[in-house]
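Peer 1: the following block contains a protein sequence and its predicted model.
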Amino acid sequence: MNSLSLLCHATMKPTCRILNRRRNSAFFGFPRPAKWLHGLTKTGNSSIFCVNFEQNSQYHANPFRISGSGGVFDDARKASQVPSWSFGQSGVISKSSRSYSAGIGTTSRGVSVIASLASRFRKISTSIETSVNDNNFERIYVQGGINVKPLVERIDKDENIVGEEESRIEVGDEKKSESLNEATVVSPEREYSDIEKEAWRLLRDSVVMYCGNPVGTVAANEPGDKQLLNYDQVFIRDFVPSALAFLLKGEGEIVRNFLLHTLQLQSWEKTVDCYSPGQGLMPASFKVRTVPLDGNKIEEVLDPDFGESAIGRVAPVDSGLWWIILLRAYGKITGDYGLQERVDVQTGLKMILNLCLTDGFDMFPSLLVTDGSCMIDRRMGIHGHPLEIQALFYSALRCSREMLGVNDGSKNLVRAINNRLSALSFHIREYYWVDMKKINEIYRYKTEEYSTEATNKFNIYPDQIPLWLMDWIPEEGGYLIGNLQPAHMDFRFFTLGNLWSIVSSLGTPKQNDAVLNLIEAKWDDLVGHMPLKISYPALEFEEWRIITGSDPKNTPWSYHNGGSWPTLLWQFTLACIKMGRIELAQKAAALAEKRLRSDHWPEYYDTRTGKFIGKQSRLYQTWTIAGFLTTKMLLENPEKAALLFWDEDYELLEICVCALSKSGRKKCSRGAAKSQILV
């Protein structure tokens, strides 16, 4: 069956629903009309329902279908039909019949889509946004004024359509291969090495099933682990390297299911002390739970965590950003742009953007967040405007600009995205960048400057420059600092933020190259025995006690405090390929390959050089395994990396919304950004 079955009331099959503890739950974050209750069973105050995510041409015609009655949104039905076959839904995506426990060391036959061909097919896919008035759509959702009509079930016909599509697009069909003259048939892969075979086996063993379909991978799958905490859950952040590994191997079903199911969980208003987070928030993780029912039946439910159960009770700012990035990657690699164009996906995308772009008290274009809201999910002194969030935010905005359907209802959002991209890129490039020249400039700063023409705009005191930095920074190289706030610059090197600044072109080409120069020059410090340091240097002594709160897990050179995380390897590889420095990635991958298997795939490593397995590190950590596999595939096929990174957008340098001419200022400092590009 090609759909997720909802309300599976057979005795031998579990029913499926999403767990919600509120009486008036919402569907995709909006009130559910009373008419929807027809055909849905009730357990206490929670509705039992699932959405039928069909993998055929009916996606575009009927993107919302409730199993049983088969009702659809009227507005969704206005969308134009797709052609009789959809390239993005063909052999590139593995069907649900594919076994996730088999196929190790073998090759699945499929079509490799190059970027230009994918864009051609995108033009003939259905565009929901161009057919549905955005204002009317939001009014229907928010006010609950939906008019559901019964729809005649066409299951047999749908299955025939799918069968016809598969036969039409089958790679072995020579006639169809000739018509797809720009597509290249995947050649048989080399035989996997023993470490790759083990990695694929472990990755497939970590797959989580929901209603008989794969929906993600657990964070860690260590045998005999008696203290699971939340490592048995599916994290949005952690699943990204797993998703890329499956996508690069031609198995897109699990990624599609993951994107759609997390979308269902998006606006479930779980609370901390009776306070609800903003609409559009994505959960940090979710878990599939089994609930017994009467009559020897069981029911599967998705139980999301928005931070109300997390250590520190911090909502995940980065989850929604990673979701957007993965949504784009899915379309780029598979060619299935129809998923991006669905009404529900477009609405979820807008909700995340509205949450991130909401006006507030902050004067900076960077996102203001608290400690623990990203990969560093414990107190580490990164509250404020941490680089990691800004780089992911910038990446998500660039993704959204590509995927949003432009019409009268979304043009204001697109304008806001462009304005924010321009302001954010200038802000980070100008104020976060440090090299020898910049440090010397800060060293001679004057303070207490009050004017629009001030050089020291954030009132940074020169004494903040740490002694380690003066000796550490190389002559040829630089990096983006970890944080910037009034009278405070966090000079620590945070690897993830710098790597994603390269991948997304948040930094200038010159800056991006300098970051890799720095990593190469300081290889022993940032790579050592295991790539890569999550941050450098570690907080020690009194500084560690004050900033981390004496955190016994974040002791110096451990975990987030200077620990080495193998999962950063795939992002380092992506950055190196983009900048034409693939030899650095190969060198790092060779280091990891020597140890990961014998060390049982740890979560992180300790000590200054990453020589020892982390003292509290989980073994068989899934994103360590998936990061290694993704790295190997990117190194083997570097051309595929172009689908996952962005080149410099010179148009952003021409956008300036500061309206300085009205404020009486003499000139706009945006020219500084242009000069960095041209030099």
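Peer 2: That came in fine, so what should we check first? Numbering: from 1, shown residues only.
Peer 1: for the closest residue to T271 other than its chain neighbours, which three-state class applies?
Peer 2: Nearest-residue entry for T271: E308, 6.7 Å, with adjacent residues in sequence omitted and distances by Cβ to Cβ, 6 or more residues apart in numbering. Glycine gets a C-beta too; all of them are placed from N, C-alpha and C. Secondary structure for E308, judged by DSSP: H, G, I helix; E, B strand; the rest coil, is coil.
Peer 1: so where does F286 fall, helix or strand?
Peer 2: According to DSSP states H and E, F286 maps onto strand 285-293.
Peer 1: ok, and what's touching that strand?
Peer 2: Residues outside strand 285-293 that contact it (Cβ atoms under 8 Å, 6 or more residues apart in numbering): 14-15, 19, 43, 208-210, 215-216, 219, 230, 232-236, 238, 261-262, 265, 298-305.
Peer 1: looking at those, which are in strands?
Peer 2: Residues of these located in strands (DSSP state E): 15, 43, 208-210, 215-216, 234-235, 298-305.
Peer 1: point me to the helix or strand that includes W500.
Peer 2: Per DSSP H and E, W500 falls inside helix 495-503.
Peer 1: which is the next helix or strand following that helix?
Peer 2: Downstream of helix 495-503 (by DSSP H and E), the next one is helix 509-521.
Peer 1: now that following helix - C-alpha only, CSV.
Peer 2: As requested, the backbone C-alpha atoms of helix 509-521 are provided in CSV (Å, rounded to 0.1, in the frame of the first residue of the first chain):
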residue,chain,number,x,y,z
PRO,A,509,33.9,34.0,-0.8
LYS,A,510,37.1,35.5,0.7
GLN,A,511,35.9,34.9,4.3
ASN,A,512,34.8,31.3,3.4
ASP,A,513,38.2,30.5,2.1
ALA,A,514,39.8,32.1,5.1
VAL,A,515,37.8,29.8,7.5
LEU,A,516,39.2,26.7,5.8
ASN,A,517,42.7,28.2,5.9
LEU,A,518,42.2,28.6,9.6
ILE,A,519,41.1,25.0,10.1
GLU,A,520,44.0,23.8,8.0
ALA,A,521,46.5,25.9,9.9
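Peer 1: what is that helix packed up against?
Peer 2: strand 478-480, helix 495-503, helix 569-578, helix 582-595, helix 671-678 (3 or more Cβ pairs under 8 Å, 6 or more residues apart in numbering; DSSP states H and E).
Peer 1: can you pull the pLDDT of the residue nearest to T271?
Peer 2: Predicted confidence (pLDDT) at E308: the value is 87.
Peer 1: so it touches V272, yeah?
Peer 2: Yes. E308 lies in contact with V272 (Cβ atoms under 8 Å); the separation is 4.9 Å.
Peer 1: give me the number of residues near the closest residue in space to R492 that isn't next to it in sequence?
Peer 2: Spatially, and ignoring its direct neighbours in sequence, R492 is nearest to G482 (4.6 Å; Cβ to Cβ, 6+ apart). Applying other Cβ atoms under 10 Å, we find 25 other residues in the vicinity of G482.
Peer 1: show me the residues around R618 that make contact.
Peer 2: 219-220, 222, 225, 231, 602-603.
Peer 1: where's L413, which helix or strand?
Peer 2: Assigned by DSSP H and E, L413 belongs to helix 411-431.
Peer 1: now that helix against helix 509-521, angle please.
Peer 2: Helix 411-431 runs at 50 degrees relative to helix 509-521, counting by axes from the mean of the first three to the mean of the last three Cα atoms, to 10 degrees.
Peer 1: helix or strand next in line after helix 411-431, which one?
Peer 2: Next helix or strand after helix 411-431 toward the C-terminus (DSSP H and E): strand 433-435.
Peer 1: roughly how far apart are V345 and M351?
Peer 2: Distance of V345 to M351, given as Cβ to Cβ, to the nearest Å: 11 Å.
Peer 1: please say which of those two ends up with more neighbours.
Peer 2: Between V345 and M351, counted using other Cβ under 10 Å, M351 has the larger neighbour count: 23 against 20.
Peer 1: hang on, the earlier thing: paired strands for the strand holding F286, with orientation please.
Peer 2: strand 234-235 (antiparallel), strand 297-305 (antiparallel) (DSSP bridges).
Peer 1: any idea which of those strands is most buried?
Peer 2: strand 234-235 (a mean of 26; mean count of other Cβ atoms under 10 Å).
Peer 1: average model confidence for that one?
Peer 2: For strand 234-235, the mean pLDDT works out to 98.
Peer 1: pull out the buried residues from stretch 510-518.
Peer 2: For stretch 510-518, burial by neighbour count (16 or more other Cβ atoms under 10 Å) applies to 511-518.
Peer 1: so where is the stretch 401-550 of the chain shaky, pLDDT-wise?
Peer 2: Within the stretch 401-550 of the chain, not a single segment meets pLDDT under 70.
Peer 1: and the helices in the stretch 301-450 of the chain?
Peer 2: Along the stretch 301-450 of the chain, counting by DSSP state H, counting those that start in this stretch, helices occupy 318-334, 338-341, 343-356, 387-403, 411-431, 436-443.
Peer 1: so which of those helices gets nearest W200?
Peer 2: Nearest of those to W200, taken as Cβ to Cβ: helix 318-334 at 17.8 Å.
Peer 1: which elements pack onto the closest one?
Peer 2: Applying 3+ Cβ pairs under 8 Å, 6+ apart, one finds that helix 318-334 contacts helix 115-124, helix 236-248, helix 253-264, helix 338-341, helix 343-356, helix 387-403.
Peer 1: can you tell me which of these has the worst average pLDDT?
Peer 2: Looking at those, the weakest mean confidence is helix 115-124, a mean of 45.
Peer 1: and this protein, what are its domains?
Peer 2: When the chain is parsed with the TED database, its domains come out as 208-318, 319-672.
Peer 1: redo these as JSON lines? Include distance to I195.
Peer 2: Below are those laid out as JSON lines (distance: least, Cβ to Cβ, whole Å):
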{"stretch": "domain 208-318", "distance to I195": "14"}
{"stretch": "domain 319-672", "distance to I195": "5"}
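Peer 1: and of the ones you listed, who's closest to R190?
Peer 2: Comparing those under Cβ to Cβ, the one sitting nearest is domain 319-672, at 8.1 Å.
Peer 1: before we move on, back to that, so the helix holding W500 versus helix 569-578, what angle?
Peer 2: Here helix 495-503 runs at an angle of 30 degrees relative to helix 569-578 (the same axes, to 10 degrees).
Peer 1: where does pLDDT dip in the stretch 151-300 of the chain?
Peer 2: For the stretch 151-300 of the chain, applying pLDDT under 70 flags the ranges 151-189, 267-270.
Peer 1: 50 - rerun?
Peer 2: Low-confidence segments of the stretch 151-300 of the chain (pLDDT under 50): 151-188.
Peer 1: hang on, M351 packs against G280?
Peer 2: Yes. The criterion here is Cβ under 8 Å, and M351 meets it with G280 at 3.4 Å.
Peer 1: quick check: T548 vs S617, distance?
Peer 2: T548 is 18 Å from S617, by Cβ to Cβ.
Peer 1: G216 now?
Peer 2: Counting by Cβ to Cβ, the gap from G216 to S617 is 22 Å.
Peer 1: who has more neighbours out of the two?
Peer 2: Neighbour count, other Cβ under 10 Å: between G216 and S617, G216 has more, with 29 against 23.
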